[in-house]
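below are the sequence and a predicted model; questions follow.
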Amino acid sequence: MSEEVKDAGRYVPIAIAWGYFGNGVLALIIIVGFLFALPSVPDALNDSTGFPFIYVLRQFLSTSGVNGLTAIILVPVIFSNILFNASTARQTYAFARDRGLPFADSISRVDPHRRIPVRAIALSCMISGLLSLINIGSQVAFNAIISLNVAALMYTYAVSISCVIYRKIACPETLPPRRWSLGTFGLTINILGLLYVLFALFWSFWPPSPSPSARGFNWSVVIFVGVFIVSLLMYAFQGRRHYVGPVVTVQRSD
């Protein structure tokens, strides 16, 4: 989506920083208030609704109040899911445009009338829907798939931050000019960020308790290794011959 932002090198990092700190402060306020209002942790965890915050609301509000506040919470969740799908579709389109996916020509096609990647959007929606259906047949299988989320994110963060650190130390002259910079603190923050994501990546593969059952086991390590192997095979047989990204400069065509 940064390709559609004017002067993205300056304003995208600013938006990320403000979004992070703004949401962090608001989340801290909500968590502190929630903890002060929580009468019993075991009762909240074992509530029949499956959502501890609904248990807390029920202790102090009427049914109408609980329904109203729950709706206020659910509406942003619904809209955020739309944003997540839009982001995923744009990433799918960009990766296909750079010929990093099978059937890249078809997936990266932009509708000439709507001026959006309709096929990439449809593919993202279809995959999300199919993954959601797994929960109907087996919650264990569904949790195993979604548990990959944290590990995959931490791995991609580690790779990207490592590349930046390497460039800053080994060959800083190869880095493009920066429109937004952390100055002398940049490298230190990069190193601290890398240590954090490596720590999170390591613990994301562990089960929540010793001697877990098949239902309580953390299957993300198995799925992560499987996806990693498939990705290596795709790169070996297709990507290294066809992948031409990432695109550095994009010019709009009217």
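Noted; the coordinates are in hand. Numbers count the residues shown, from 1 in each chain.

thought Val5 was touching Tyr11?
Yes: if you go by Cβ atoms under 8 Å, Val5 and Tyr11 touch, sitting 6.0 Å apart. Every C-beta, even on glycine, is put in place using the N, C-alpha and C of the backbone.

quick check: neighbours shared by those two?
Here Val5 and Tyr11 have no joint contacts, going by Cβ atoms under 8 Å, 6 or more residues apart in numbering.

residue nearest the centroid of the protein?
Of all residues in the chain, the one closest to the mean position by Cα atoms, centre = their mean is Leu153, 6.1 Å from it.

quick check: pLDDT value at that one.
Looking at Leu153, its pLDDT is 89.

over to Asp43?
85.

how about the strands in the stretch 151-254 of the chain?
Here the stretch 151-254 of the chain has no strands by DSSP state E, counting those that start in this stretch.

sketch out the low-pLDDT regions of it for me.
245-254 (pLDDT under 70).

just the helices in it please.
186-203, 220-234, 240-242 (DSSP state H, counting those that start in this stretch).

in the last one, what counts as buried?
Of the residues in helix 240-242, none has enough neighbours to count as buried (16 or more other Cβ atoms under 10 Å).

who are the packing partners of it?
If contacts are counted by 3 or more Cβ pairs under 8 Å, 6 or more residues apart in numbering; DSSP states H and E, helix 240-242 sits against no helix or strand.

neighbouring contacts of it?
Outside helix 240-242, the residues touching it (Cβ under 8 Å, 6+ apart) are Arg99, Ala104.

what distance separates it from the centre of its chain?
From the chain centre to the centre of helix 240-242 is a distance of 27 Å (Cα atoms, centre = their mean, to the nearest Å).

dump the helix or strand Leu123 falls within to PDB, restricted to CA.
Using DSSP states H and E, Leu123 sits in helix 118-137. The C-alpha trace of helix 118-137 is given here as PDB (Å, rounded to 0.1, in the frame of the first residue of the first chain):
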ATOM      1  CA  VAL A 118      -9.900  -8.100  -8.400                       C
ATOM      2  CA  ARG A 119      -8.400 -11.600  -8.800                       C
ATOM      3  CA  ALA A 120      -5.900 -11.100  -5.900                       C
ATOM      4  CA  ILE A 121      -8.700  -9.800  -3.700                       C
ATOM      5  CA  ALA A 122     -10.900 -12.800  -4.600                       C
ATOM      6  CA  LEU A 123      -8.100 -15.200  -4.000                       C
ATOM      7  CA  SER A 124      -7.400 -13.800  -0.500                       C
ATOM      8  CA  CYS A 125     -11.100 -13.900   0.400                       C
ATOM      9  CA  MET A 126     -11.400 -17.500  -0.800                       C
ATOM     10  CA  ILE A 127      -8.400 -18.700   1.100                       C
ATOM     11  CA  SER A 128      -9.600 -16.900   4.300                       C
ATOM     12  CA  GLY A 129     -13.000 -18.500   3.900                       C
ATOM     13  CA  LEU A 130     -11.600 -22.000   3.300                       C
ATOM     14  CA  LEU A 131      -9.400 -21.700   6.400                       C
ATOM     15  CA  SER A 132     -12.300 -20.600   8.500                       C
ATOM     16  CA  LEU A 133     -14.300 -23.700   7.500                       C
ATOM     17  CA  ILE A 134     -11.600 -25.900   9.100                       C
ATOM     18  CA  ASN A 135     -12.800 -24.700  12.500                       C
ATOM     19  CA  ILE A 136     -16.100 -26.500  11.800                       C
ATOM     20  CA  GLY A 137     -14.500 -29.900  11.400                       C
END
